[in-house]
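*Asks:* Give me coordinates for this.
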Amino acid sequence: MAIIKNQANLTYTYGTTTASVLSNLAETEWNAALAAEKRALEDAYREGLTLTYLISLKNSSAAPVEALTVTDDLGAFTPAGSDTPVVPLTFAGNATLYVDGTFSETLTPSFVPEGMQFTLPSIPANADALLIYQATVNSFAPLTVGSEITNTVTIGEADPLTASATVPAAEYADVTVKKEMRPNPITDGCELAVTFTIENRGNTEASDLVLTDDFPLALADVAVSVNGTPTEDFTFDGTRLTLPGTAGTLSVPAATFTQDETGAMSVNPGVLTITLTGMV
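*Replies:* Numbering: from 1, shown residues only. Now for the predicted structure:
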């Protein structure tokens with residue numbers, strides 16, 4: 001699990017002289033008295049979010065633990081229908097080690113086939129260590145409702161400890177609206193067409209939408225359609241559009257997610273299109 005290094009000191013006398021000699025530096029694997037726990041500070045993830053992970057280590061032995069390796073798999077998993085694992089987390093830096101609540105040092109991992117690996121130089125006898133670092137959710141992370149990332153660390157090499165932290169995908173709507181007006185320019189007596197394209201890149205439907213828009217000029221003969229279907233459920237008071245009016249509600253469906261041959265996820269947003277026409 002961990003490497004213990006030890007060197008003996010021998011003193012002796014001959015005649016009136018006292019001398020000492022050091023033994024060789026002996027090493028052994030230590031397989032007891034080390035406990036580990038891993039957790040994430042965040043309750044849920046979405047693409048691009050940076051997660052903070054904490055690994056708590058307790059050395060309850062009377063001997064220090066030297067050169068302890070901590071290998072993080074960065075949440076690696078094999079998607080359904082694929083034989084190739086993908087890694088949904090990218091190391092974001094800021095790895096720091098604390099020993100008994102006091103800052104010890106900043107650590108830089110090496111990257112190995114199993115993920116990334118830290119080497120903790122020493123955990124003193126009867127001491128607690130805390131390793132804190134961050135990882136960003138990348139495009140390989142599953143985003144559908146019910147998905148999760150399980151991030152596992154392997155501590156030590158012979159008879160290792162493991163510890164995991166599981167973070168679920170957030171349930172959220174991520175809505176944007178784009179407005180276009182045609183023609184450009186406009187003149188008195190022409191018909192103005194205004195299109196609102198509302199997209200939802202989240203994994204949950206966005207409901208109870210209310211669209212308002214204050215136009216800088218009055219329009220006559222105003223008509224509105226939702227996804228190409230005319231609707232009377234709106235108000236247009238001089239220059240102010242409110243949709244819906246009083247009779248119904250609007251919603252934007254959740255996005256769908258597809259996976260390419262590399263395992264990367266792409267987002268296909270849910271779309272709601274509203275068109276207003278009126279005479280200038």
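
*Asks:* C-alpha from now on. contacts and neighbour counts both.
*Replies:* Will do.

*Asks:* low-scoring pLDDT stretches of the stretch 1-150 of the chain, where are they?
*Replies:* The stretch 1-150 of the chain contains residues with pLDDT under 70 at 1-5, 28-32.

*Asks:* quick one, strands of it?
*Replies:* Here the stretch 1-150 of the chain has its strands, by DSSP state E, counting those that start in this stretch, at 2-6, 9-14, 17-22, 26-30, 34-40, 50-59, 65-72, 89-99, 102-106, 110-112, 115-123, 127-137, 148-155.

*Asks:* mind putting the ones you listed in TSV, mean neighbour count and distance to residue 233 included?
*Replies:* Output for these, formatted as TSV (neighbours: other CA atoms under 10 Å; distance: least, CA to CA, whole Å):
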stretch	mean neighbour count	distance to residue 233
strand 2-6	18	70
strand 9-14	9	91
strand 17-22	9	91
strand 26-30	14	74
strand 34-40	18	47
strand 50-59	19	42
strand 65-72	21	55
strand 89-99	18	46
strand 102-106	13	61
strand 110-112	11	59
strand 115-123	18	55
strand 127-137	20	41
strand 148-155	21	40
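
*Asks:* Can you give me the neighbour number for the closest residue to residue 148 other than its chain neighbours?
*Replies:* Distances taken as CA to CA, 6 or more residues apart in numbering put residue 168 closest to residue 148, at 4.0 Å, once the chain neighbours are dropped. As a burial measure, residue 168 scores 19 neighbours (other CA atoms under 10 Å).

*Asks:* State the distance from residue 168 to residue 103.
*Replies:* Residue 168 sits 30 Å away from residue 103, going by CA to CA, to the nearest Å.

*Asks:* Please apply the same query to residue 13.
*Replies:* To residue 103, residue 13 is 43 Å away according to CA to CA.

*Asks:* likewise residue 217?
*Replies:* For residue 217 relative to residue 103 (CA to CA), the value is 63 Å.

*Asks:* just residue 158 next, same as before
*Replies:* Applying CA to CA, the value for residue 158 to residue 103 is 28 Å.
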